[in-house]
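A.B. asks: Coordinates for the following, if possible.
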Amino acid sequence: MCDSVVAVGTETASGTTIFAKNSDRKERECQPYLQFAEASYPPRATVRCTHLEIAQVAETYRVMGHSPWWVWGFEHGVNEHAVAIGNHSVFSKEPLEEVAGLIGMDLVRLGLERGRSAREALEVIATLVETHGQAGSALAPGAGGYHNSFLLADPMEAWILETSNRRWVARRTRLDAVSNHFSLGVDWEISSRDLESFARSRGWWQNAGRVDVAAAYRDSRIPACVSEGRQGRARELLRAGRGRHDVGSLQALLSDHGHGGIAWHGEGKPDEERFWTLCAHSDPISWTTASLIAPLPADRSSPWPVWISFATPCTGVFLPVYLDGVLPPALARGREQADPESLWWTFKRLQDAAAVDWARNTPDLREAWAEFEEKVEAERRSVEATAGKAAADGDRDAAALVVSDFMARTVEDAMKRAEMLRARLG
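C.D. replies: Residues are numbered from 1 along each chain as shown. Purely as a prediction, here's the structure:
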């Protein structure tokens, strides 16, 4: 389960497009944050994805994103061209193919490595879906897979892309939320050639008019409350902040627990919409395990920040990271077993301590993190000004060093504070 939102420039306070996503996975599935440099490859080179080896392209772009420890791809991420992508499981009437294929997280990373815009990344993913299909474990090693939808954004526009095996459909959007179901109706703009003919051949769409994708492809056996409640809440919050959205408003959205306040209260049952809050504590199905907020600037002449968090965002903190710099090792550490040097596991332990009493501990943590957030924000502005001057003077290496040092200090401080807060909660 996952939720993504986007607000293009006309819908934000700064005029910059902002993308955000919660990655909801199994509660103890470590999800480190990885960075890969741009690279060139010789003819006939290949790349091994999670389950499948495919042809490599001549050039890939610099990328970073959250990746479940056992997966090649990303749950969500960004590239050097300010393209952001996130994926979501969707439930189609069409069974998954039984042969090995790409999984949604592979497609996110491949789209980022090969796309200079949201539309170009969409075309990359669509071509790969048509060529290789979607199949293989995606929930956990040896577990089931799923079809995917994607939200793609860049400084100029955003697209929703929905897939079913080797078929796909897409349309542009400006202020919207995507969750775990087919949501495109008859308003789609582009599609694979056989999207409509396939639905008609299966008897899923018998009207003469254009195919309603959600009505035709969506598996009605999956309860609507699983994702429609979260999508509705996200859209409500997006509409309420229209024209004023910034990183702070989207941090609040990703941490939202409905109308009951900032803490998870465990209200409702899995068959009720109120159980499925945007900050997921939906045991035993899924928890929010990583989050990302990416302002996507048109001017990338100097380093620009992306904000990430680990475990549930309501108990943790968002940290600024930069593609131009070198990420601290603690961000990329972490596998199946707990690791004291992994930032993900550090925040998972804090989450576990808070879980003893969400209603009491979550507000205490939010207050405790406020001082840290203010300190980081003040330093961030100074660091970016210094790095921006170095970049303007033509010294990109100096600019990268400035933001790299800042990230290292920030992550070290965050780990120490998280451990201190965990000890305080007992």
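A.B. asks: what are the ranges of the helices in this structure?
C.D. replies: 104-114, 118-132, 195-201, 213-217, 228-240, 247-254, 329-332, 343-354, 358-392, 396-425 (DSSP state H).
A.B. asks: angle of the last one against helix 358-392?
C.D. replies: Looking back up the chat, that one is helix 396-425. In terms of direction (axes from the mean of the first three to the mean of the last three CA atoms, to 10 degrees), helix 396-425 departs from helix 358-392 by 170 degrees.
A.B. asks: Residue 159 contacts residue 125, correct?
C.D. replies: No - applying CB atoms under 8 Å, one finds residue 159 not in contact with residue 125, separated by 10.1 Å. All C-beta spots, glycine's among them, are computed from the backbone N, C-alpha and C.
A.B. asks: the more surrounded of the two?
C.D. replies: Applying other CB atoms under 10 Å to residue 159 and residue 125 shows that residue 125 carries more neighbours, namely 29 against 22.
A.B. asks: hang on, isn't the more buried one packed against residue 107?
C.D. replies: Yes - counting by CB under 8 Å, residue 107 is a contact partner of residue 125 at 4.9 Å.
A.B. asks: intersection of neighbour lists for those two?
C.D. replies: residue 150 (CB atoms under 8 Å, 6 or more residues apart in numbering).
A.B. asks: possible to save the helices of the chain as a markdown table with mean pLDDT?
C.D. replies: Shown next, in a markdown table, are those (pLDDT from 0 to 100):
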| stretch | mean pLDDT |
| --- | --- |
| helix 104-114 | 98 |
| helix 118-132 | 98 |
| helix 195-201 | 97 |
| helix 213-217 | 97 |
| helix 228-240 | 93 |
| helix 247-254 | 97 |
| helix 329-332 | 98 |
| helix 343-354 | 98 |
| helix 358-392 | 96 |
| helix 396-425 | 97 |
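A.B. asks: nearest to residue 37, of the ones you listed?
C.D. replies: helix 104-114 (10.7 Å; CB to CB).
A.B. asks: For the closest one, what is the distance to the chain centroid?
C.D. replies: Distance of helix 104-114 from its chain centroid, counting by CA atoms, centre = their mean, to the nearest Å, is 12 Å.
A.B. asks: circling back: in a markdown table: the helices of the chain, plus distance to residue 71.
C.D. replies: What follows is the helices of the chain, written out as a markdown table (distance: least, CB to CB, whole Å):
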| stretch | distance to residue 71 |
| --- | --- |
| helix 104-114 | 5 |
| helix 118-132 | 16 |
| helix 195-201 | 28 |
| helix 213-217 | 25 |
| helix 228-240 | 23 |
| helix 247-254 | 21 |
| helix 329-332 | 14 |
| helix 343-354 | 14 |
| helix 358-392 | 29 |
| helix 396-425 | 22 |
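A.B. asks: Relative to residue 261, which of these is closest?
C.D. replies: helix 358-392 (8.1 Å).
A.B. asks: just checking, what packs against that closest one?
C.D. replies: In terms of contacts (3 or more CB pairs under 8 Å, 6 or more residues apart in numbering; DSSP states H and E), helix 358-392 is packed against strand 319-322, helix 343-354, helix 396-425.
A.B. asks: make it 6 Å
C.D. replies: Where contact means 3 or more CB pairs under 6 Å, 6 or more residues apart in numbering; DSSP states H and E, helix 358-392 is packed against helix 396-425.
A.B. asks: quick one: buried residues of the helix it packs on?
C.D. replies: 399-404, 406-408, 410-411, 414-415, 417-418, 421-422, 425 (16 or more other CB atoms under 10 Å).
A.B. asks: From the chain's centroid, how far away is that helix?
C.D. replies: 22 Å.
A.B. asks: What is it packed up against?
C.D. replies: Helix 396-425 sits against strand 319-322, helix 343-354, helix 358-392, with contacts defined as 3+ CB pairs under 6 Å, 6+ apart.
A.B. asks: Flag every buried residue along stretch 326-341.
C.D. replies: 327-328, 330-334, 339.
A.B. asks: no no, stretch 60-72
C.D. replies: 60-69, 71-72.
A.B. asks: for stretch 197-214, same thing?
C.D. replies: For stretch 197-214, using 16+ other CB under 10 Å, the buried residues are 198-199, 204-205, 211-214.
A.B. asks: got JSON lines for the buried residues of stretch 326-341, with distance to residue 184 too?
C.D. replies: Putting the buried residues of stretch 326-341 into JSON lines (distance: CB to CB, whole Å) gives the following:
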{"residue": "327", "distance to residue 184": "35"}
{"residue": "328", "distance to residue 184": "39"}
{"residue": "330", "distance to residue 184": "39"}
{"residue": "331", "distance to residue 184": "35"}
{"residue": "332", "distance to residue 184": "35"}
{"residue": "333", "distance to residue 184": "39"}
{"residue": "334", "distance to residue 184": "35"}
{"residue": "339", "distance to residue 184": "41"}
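A.B. asks: so which two of the buried residues of stretch 197-214 are the farthest from each other?
C.D. replies: 198 and 214, at 15.2 Å, using CB to CB across those.
A.B. asks: so where is the stretch 151-300 of the chain shaky, pLDDT-wise?
C.D. replies: Residues of the stretch 151-300 of the chain that meet the criterion pLDDT under 70 lie in 225, 260, 270-271, 273, 284.
A.B. asks: and if we set it to 90?
C.D. replies: 208, 220-229, 258-262, 264-276, 282-286 (pLDDT under 90).
A.B. asks: quick one: stretch 299-316 to chain centroid distance?
C.D. replies: Here stretch 299-316 is found 11 Å from its chain centre; the criterion is CA atoms, centre = their mean.
A.B. asks: The closest residue to residue 335 other than its chain neighbours and residue 141: what is the separation?
C.D. replies: Distances taken as CB to CB, 6 or more residues apart in numbering place residue 69 nearest to residue 335, at 4.6 Å, with adjacent residues excluded. Between residue 69 and residue 141 the computed distance is 10 Å (CB to CB, to the nearest Å).
A.B. asks: cool, residue 230 as well?
C.D. replies: Counting by CB to CB, the separation of residue 230 from residue 141 is 26 Å.
A.B. asks: more neighbours, these two?
C.D. replies: Shown here are residue 230 and residue 141; by other CB under 10 Å, residue 230 has more neighbours (28 against 12).
A.B. asks: you'd agree the more buried one is up against residue 180?
C.D. replies: No - assessed by CB atoms under 6 Å, residue 230 is found out of contact with residue 180, at 8.1 Å.
A.B. asks: how about the most centrally placed residue in the chain, what does it touch?
C.D. replies: For the chain, residue 76 is the residue whose C-alpha lies nearest the centre (CA atoms, centre = their mean; 3.3 Å). Residue 76 is in contact with 21, 65-66, 86, 292, counting by CB atoms under 6 Å, 6 or more residues apart in numbering.
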